[in-house]
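*Asks:* Could you work out the structure for the sequence below:
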Amino acid sequence: YNDSKNVEIQFLKTGYETVVHLGSIKSGSVKDPYSPSLYGVGILGTKYPSMVNGRNTKEYLLWQCMLQRCCSGDFKNKYPTYKDCEVSENFKSYEYFYEWCHKQIGFGNEGWQLDKDLLTKGNKAYSENSCIFIPREINQLLVKRTASRGQHLIGVYWNKKGKAFVAQINKNKGKQEHLGSFKTEIEAFNAYKKAKEVFIKEQANKWKGQIDDRAYNALMNYEVDIDD
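*Replies:* Next up is the predicted model:
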């Protein structure tokens, strides 16, 4: 204690030190920025701002949304597809996540999104080794839309009037391409699989040189599975 406006404190658990007013201590408003605060796991730290000119930074918004998907019970109840999502220990630190973002190809590009499962299909963990930034049109190309497509295999629907299984593929901006009618569901799926894999390679080559090489290689080797 130096005076009422100059009280030196240290949080014993993390070792964080700062200087505060005595009134702030009495009111309980002094918080340890190195203790988990966001969704019970996120550590904000002091190195980088979460807000600039009254608005959250893009780094903070990405971090907050990622932790919400992985650590918010209410969010997982509302969106069950995220029920098994996890986040790495490093990504729980805003300081680490901020610096990681600035080292990544495509970060800050308009319309680019944080992706966790292109490099490893079906991956549920957000981490420094699994995440990359990719254009929105590529990210949307890989969305399964399980809840909206009904009971049939991906890319297939039953045409009641024609009494046949129909295969179709969605391309950029939601444009649909009819691939034909088939006697069996598996034949229709195979037509979809072939067309989708060709289209994914086209998109990979369209963005070659702009996206991370790891993303390009993953797209060129991408396979549509029957349980997608």
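*Asks:* This structure: strands as residue ranges?
*Replies:* Assigned by DSSP state E, the chain shows strands spanning 7-10, 17-20, 51-52, 55-56, 86-87, 112-115, 125-126, 132-135, 156-159, 164-170, 176-182.
*Asks:* To residue 41, which of those strands lies closest?
*Replies:* strand 86-87 (7.3 Å; C-beta to C-beta). The C-beta positions use only the backbone N, C-alpha and C, and glycine is treated the same way.
*Asks:* quick one: average pLDDT of the closest one?
*Replies:* On average, the pLDDT along strand 86-87 is 96.
*Asks:* go on, stretch 176-196?
*Replies:* Per-residue confidence for stretch 176-196 averages out to 94 on the pLDDT scale.
*Asks:* Next: stretch 116-128.
*Replies:* 94.
*Asks:* How far off centre is that stretch?
*Replies:* On the basis of C-alpha atoms, centre = their mean, to the nearest Å, stretch 116-128 is displaced by 9 Å from the centre of the chain it belongs to.
*Asks:* what's the first-to-last distance across it?
*Replies:* Looking at stretch 116-128, the gap from its leading to its trailing residue is 9 Å under the measure C-alpha to C-alpha, to the nearest Å.
*Asks:* buried ones in that stretch?
*Replies:* Residues of stretch 116-128 classed as buried by neighbour count (16 or more other C-beta atoms under 10 Å): 116-119, 123, 125-126.
*Asks:* need the helices for this structure, in chain order.
*Replies:* Taking DSSP state H to define them, one finds helices in the chain at 22-27, 58-71, 73-78, 94-101, 136-141, 146-149, 185-206, 213-220.
*Asks:* sorry, back to before: can you list the strands of the chain in JSON lines and add distance to residue 200?
*Replies:* Compiled in JSON lines, these are given as follows (distance: least, C-beta to C-beta, whole Å):
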{"stretch": "strand 7-10", "distance to residue 200": "54"}
{"stretch": "strand 17-20", "distance to residue 200": "51"}
{"stretch": "strand 51-52", "distance to residue 200": "37"}
{"stretch": "strand 55-56", "distance to residue 200": "33"}
{"stretch": "strand 86-87", "distance to residue 200": "26"}
{"stretch": "strand 112-115", "distance to residue 200": "14"}
{"stretch": "strand 125-126", "distance to residue 200": "23"}
{"stretch": "strand 132-135", "distance to residue 200": "12"}
{"stretch": "strand 156-159", "distance to residue 200": "18"}
{"stretch": "strand 164-170", "distance to residue 200": "10"}
{"stretch": "strand 176-182", "distance to residue 200": "14"}
